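Participant: pasted the sequence and its predicted model underneath.
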Amino acid sequence: MSTAMNFGTKSFQPRPPDKGSFPLDHFGECKSFKEKFMKCLRDNNFENALCRNESKEYLECRMERQEEEEEEVEEEEQEESGHAEVGKVGTPHSEDPDWASYTLGVFICLSCSGIHRSVPQVSKVKSVRLDAWDEAQVEFMASHGNEAARATFESKVPSFYYRPTSSDCQQSSCIPVTSSFPRVMSVMMVVCFMCARSSKAAVALGTKLGCSVHPVLLPGAPGLGLLREQWVRAKYERQEFILLEKQEPYSAGYREGLLWKRGRDNGQFLSRKFVLTEREGALKYFNKNDAKEPKAIMKIEHLNATFQPVKIGHPHGLQVTYLKDNSTRNIFVYHEDGKEMVDWFNALRAARFHYLQVAFPGASDVDLVPKLSRNYLKEGYMEKTGPKQTEGFRKRWFTMDDRRLMYFKDPLDAFARGEVFIGSKESGYTVLEGLPPSTQGYHWPHGITIVTPDRKFLFTCETEADRREWVEAFQKVVDRPMLPQEYAVEAHFKHKP
């Protein structure tokens, strides 16, 4: 039996011959398709382009047979392990894989196919449906597959290393961009960011997806798939998960280098020295390379990092947050080299991982990994009023970071104007659509009321769709029971009205 291939839900509509009396003879089932394909090649002087249909039929049959075998193997493995691995890059995602690397023997999605094309010395890509396949390529795909590649190229992935999922590089996302976002040419345009390699490709995809205004890319950005791109390069190009010595940039427990950091007051990005030391449990930055004392010390215990290319205006933009006097402080950084920025990101995750191992000695890696870094539940503009609810409503940028709802005058502010703790329904927190009948002074018509044990918070959204998304984000938090440490956060929380 050949190595099983993992390519998710059925993506092809093969027409194999009857199985007859040999239901497990996968290759024999496709023999007639193979003979038809080879005859076509011989009749056409081995011109592949003239035998596309025959090639497609044979390949689809082989893939269908391998898929059935893989499903049987996966069912057995799931019964043994109790869970299945889903959502990894290199594994077909929610959509059927229409592309394959015929030099690596893996099936890939459209987004990943562009990344694989950027490393032609390692991976060569073909369309499963549109390109012609010769017999040797079909045999190679059949004898390899995603699981075999994963066993080789992911054999030594550190537990803390961020493994991208299909959600990290969607085909497109239409995001309203305003003048608050630097380095974006058009104000109040709907910008479609996607995993396209050029502006021409972006326009074509944007038109197909129905974006209401001309889609553009961030200046100099091939898309927002930095984590996915570096994951593919780390696996296949640099082979970091085969050779342990190549993991030193993020595994050594110490990292030092220069990053472009946004100034708190002037908004300018200036080169600053950063030092990460696990021994001290801190990330530091210095205003001058030869400075003896750091400008800021960020404790690993309360640190989070999340990529924010749209907000920062750079494809490698990273937002680092930490607690200062129990309030959230934002730092925005980037590096021109995508690998450097992802190495910093994983070094921070490694430091968090080792800290949590000490803090929670009984916890498994599976329990700790989700706590290493987190993306925000929701961000965007809403209007808010003051604690008396008689003040006028003002437009503010809101960020929902776990149970912290923060609001800023500008998305790139270093400190929030105020923070609200959102607890659970068992603790008296409720989310309601609409505003109290007596409310006045708002400009946007779609209201939200958050009820806490101390007071009510009133917000308005510009559109009904915005309100639905915010209510959904709030409700997820309210419906989740609070952990013991979250009660401590609630008790010490400082709200700035």
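Facilitator: Perfect, thanks for sending it. Numbers count the residues shown, from 1 in each chain.
Participant: all helices of the chain, in order?
Facilitator: Along the chain, counting by DSSP state H, helices occupy 26-29, 31-43, 52-81, 110-117, 135-143, 146-153, 199-209, 226-232, 248-251, 309-312, 338-359, 365-368, 464-479, 484-492.
Participant: looking at those helices, which is nearest to residue 383?
Facilitator: Closest to residue 383 of the helices of the chain, according to CB to CB: helix 464-479, at 10.9 Å. For glycine as for every other residue, the C-beta is placed from the backbone atoms N, C-alpha and C.
Participant: what residues does that closest one touch?
Facilitator: 377-378, 380, 382, 398, 400, 402-403, 422-425, 429-431, 433, 446-448, 450, 459, 461 (CB atoms under 8 Å, 6 or more residues apart in numbering).
Participant: separation between residue 306 and residue 332?
Facilitator: Relative to residue 332, residue 306 is positioned 11 Å away (CB to CB, to the nearest Å).
Participant: more neighbours: which of the two?
Facilitator: Neighbour count, other CB atoms under 10 Å: between residue 306 and residue 332, residue 332 has more, with 25 against 16.
Participant: now do the contacts for that one.
Facilitator: Residue 332 makes contact with 261, 262, 308, 311, 312, 317, 318, 319, 320, 412 under the criterion CB under 8 Å, 6+ apart.
Participant: what's the closest non-adjacent residue to the fifth one?
Facilitator: What sits nearest to residue 312 in space, not counting adjacent residues and going by CB to CB, 6 or more residues apart in numbering, is residue 332, at 5.1 Å.
Participant: please apply the same query to the second one.
Facilitator: If you skip the residues right next to it in sequence, residue 262 has residue 332 as its closest partner in space, 4.1 Å away by CB to CB, 6+ apart.
Participant: what's the spacing between the residue of the chain most remote from its centre and residue 130?
Facilitator: Most distant from the centre of the chain: residue 43, at 48.4 Å, with distances by CA atoms, centre = their mean. Using CB to CB, one obtains 22 Å as the distance from residue 43 to residue 130.
Participant: kindly report the same for residue 112.
Facilitator: 17 Å.
Participant: count of residues packed around the residue nearest to residue 249 when sequence neighbours are not counted?
Facilitator: Leaving aside its chain neighbours, residue 249 sits nearest to residue 343 (4.4 Å; criterion: CB to CB, 6+ apart). Number of residues near residue 343 (other CB under 10 Å) recorded here: 22.
Participant: who touches residue 343 in this structure?
Facilitator: By CB under 8 Å, 6+ apart, the contact set of residue 343 is 249, 250, 255.
Participant: residue 244 against residue 156, yeah?
Facilitator: Yes. Contact status for residue 244 versus residue 156: in contact at 6.0 Å, counting by CB atoms under 8 Å.
Participant: compare those two (neighbour count), which wins?
Facilitator: The neighbour count for residue 244 versus residue 156, taken as other CB under 10 Å, is higher for residue 156 (14 against 11).
Participant: just the local confidence number for that one, please.
Facilitator: The per-residue pLDDT reported for residue 156 equals 96.
Participant: go on, residue 160?
Facilitator: On the pLDDT scale, residue 160 is placed at 97.
Participant: same check, this time on residue 74
Facilitator: Looking at residue 74, the pLDDT reads 47.
Participant: what's the answer for residue 177, then?
Facilitator: Per the predicted model, pLDDT is 38 at residue 177.
Participant: what's the spacing between residue 31 and residue 138?
Facilitator: 13 Å.
Participant: show me which of the contacts of residue 343 is closest to residue 108.
Facilitator: Nearest to residue 108 among the contacts of residue 343 is residue 250, at 24.8 Å by CB to CB.
Participant: list the buried residues of stretch 131-140.
Facilitator: Judged by neighbour count using 16 or more other CB atoms under 10 Å, the buried positions of stretch 131-140 are 131, 132, 133, 137, 138, 140.
Participant: can I get that stretch as CSV, trimmed to CA atoms?
Facilitator: C-alpha atoms of stretch 131-140 as CSV (Å, rounded to 0.1, in the frame of the first residue of the first chain):
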residue,chain,number,x,y,z
ASP,A,131,-2.5,21.4,-16.7
ALA,A,132,-1.4,18.2,-18.4
TRP,A,133,0.4,15.6,-16.2
ASP,A,134,2.8,13.0,-17.5
GLU,A,135,2.9,9.5,-16.1
ALA,A,136,6.0,10.1,-13.9
GLN,A,137,4.4,13.1,-12.2
VAL,A,138,1.2,11.2,-11.5
GLU,A,139,3.2,8.3,-10.1
PHE,A,140,5.2,10.7,-7.9
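Participant: correct me, but residue 394 touches residue 383?
Facilitator: Yes. Applying CB under 8 Å, one finds residue 394 in contact with residue 383, separated by 6.4 Å.
Participant: out of these two, which sits in the more crowded spot?
Facilitator: Remark: of residue 394 and residue 383, residue 383 carries more neighbours, 21 against 16, as counted by other CB under 10 Å.
Participant: care to break the chain down by domain?
Facilitator: 26-153, 251-371, 378-492 (automatic domain parsing).
Participant: lowest average confidence across the ones you listed, which one?
Facilitator: Taking the mean pLDDT of the domains of the chain, domain 26-153 comes last: a mean of 73.
Participant: who touches residue 285 in this structure?
Facilitator: By CB under 8 Å, 6+ apart, the contact list for residue 285 reads 259, 261, 272, 273, 274, 275, 294, 295, 296, 331.
Participant: separate out the buried members of those residues.
Facilitator: 259, 261, 272, 273, 274, 275, 294, 296, 331.
Participant: go through these and name the one nearest residue 230.
Facilitator: Looking across the buried ones among the contacts of residue 285 and measuring by CB to CB, the closest to residue 230 is residue 259, at 16.3 Å.
Participant: wait, that closest one touches residue 270, no?
Facilitator: No. Using CB under 8 Å, residue 259 is not in contact with residue 270; the gap is 9.9 Å.
Participant: one step back: mind putting the contacts of residue 343 into a markdown table with neighbour count and distance to residue 363?
Facilitator: Shown next, in a markdown table, are those (neighbours: other CB atoms under 10 Å; distance: CB to CB, whole Å):
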| residue | neighbour count | distance to residue 363 |
| --- | --- | --- |
| 249 | 16 | 26 |
| 250 | 23 | 21 |
| 255 | 22 | 25 |
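Participant: ok, so of these, who is nearest residue 59?
Facilitator: residue 250 (38.9 Å).
Participant: show the contacting residues for the closest one.
Facilitator: 158, 161, 343, 344, 346, 347, 349, 350.
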